[in-house]
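# need the 3D shape of this:
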Amino acid sequence: MAVFATTAVTAQNMEQRDDRRGMDPEKRIEKQVGRLDKKLKLTDEQKQQLKEYYGEFDKAQMARMEQVRLQEKKDREALDGKINSILTEEQKAKYAEMKEKDKEMWKEGRKGFGQGQGHRSGRGHGGFGPGRGHGGHGGHGGFDRDMDN
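Presented below is the predicted three-dimensional model:
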């Protein structure tokens, strides 16, 4: 029963998150301000100010997320360089093949994710090292799964 309840709540949360992500910023802001207006009975001036504040917040969040993405890419490339520096030519080729396979699986998973299919257990989030991804115990990406085979 507890597993069912947890699954239902998780599915609902994912659905809500997808709604927010898929919504254009203006609609999302309208929805947020509308929700506050319902509870707080805002004036027109307050609603306008809130729209501006949420717009500024969204822009700052997007800029911050882009910085994080760029840093993660840089870190991932550095890690790959270190890993490749200790591998033989044969191992490098297999490592590159494994990374490509994981990348393709991640892309396929993202296609289904938008259609409510979610992640399959043990699949990563495209990460190639510890602590990346969802599914399976320990939160390792699909790459670690391939290492066991």
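# buried residues in the stretch of helix or strand Glu100 belongs to, which are they?
For Glu100, the host element (DSSP states H and E) is helix 89-113. By 16 or more other CB atoms under 10 Å, the buried positions in helix 89-113 come out as Tyr95, Met98, Lys99, Asp102, Met105, Trp106, Gly109. No exception for glycine: its C-beta is placed from N, CA and C like everyone else's.
# so where's the protein shaky on pLDDT?
Along the chain, the model assigns pLDDT under 70 to residues 1-21, 112-149.
# show me where it has its helices.
Listed in chain order, the helices of the chain (DSSP state H) span 2-22, 25-40, 44-85, 89-113, 142-148.
# how is the protein carved up into domains?
Taking automatic domain parsing as the reference, the chain has its domains at 24-86, 88-149.
# contacts for stretch 57-68?
If you take CB atoms under 8 Å, 6 or more residues apart in numbering as the criterion, stretch 57-68 is touched by Pro25, Arg28, Ile29.
# highest neighbour count among those residues?
Ile29 (19 neighbours; other CB atoms under 10 Å).
# for it, give its distance to Gln48.
With distances taken as CB to CB, to the nearest Å, Ile29 is found 11 Å from Gln48.
# try Met105
As judged by CB to CB, Met105 and Gln48 stand 46 Å apart.
# would you list the buried residues of helix 89-113 in CSV and tack on distance to Gly34?
Below are the buried residues of helix 89-113 laid out as CSV (distance: CB to CB, whole Å):
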residue, distance to Gly34
Tyr95, 50
Met98, 48
Lys99, 45
Asp102, 41
Met105, 39
Trp106, 35
Gly109, 33
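# now, the most widely separated pair of those residues?
The most widely separated members of the buried residues of helix 89-113, counting by CB to CB, are Tyr95 and Gly109 (20.9 Å).
# ok so, going back, angle of the helix holding Glu100 against helix 44-85?
Between helix 89-113 and helix 44-85, the angle comes out at 160 degrees (axes from the mean of the first three to the mean of the last three CA atoms, to 10 degrees).
# done for today, thanks.
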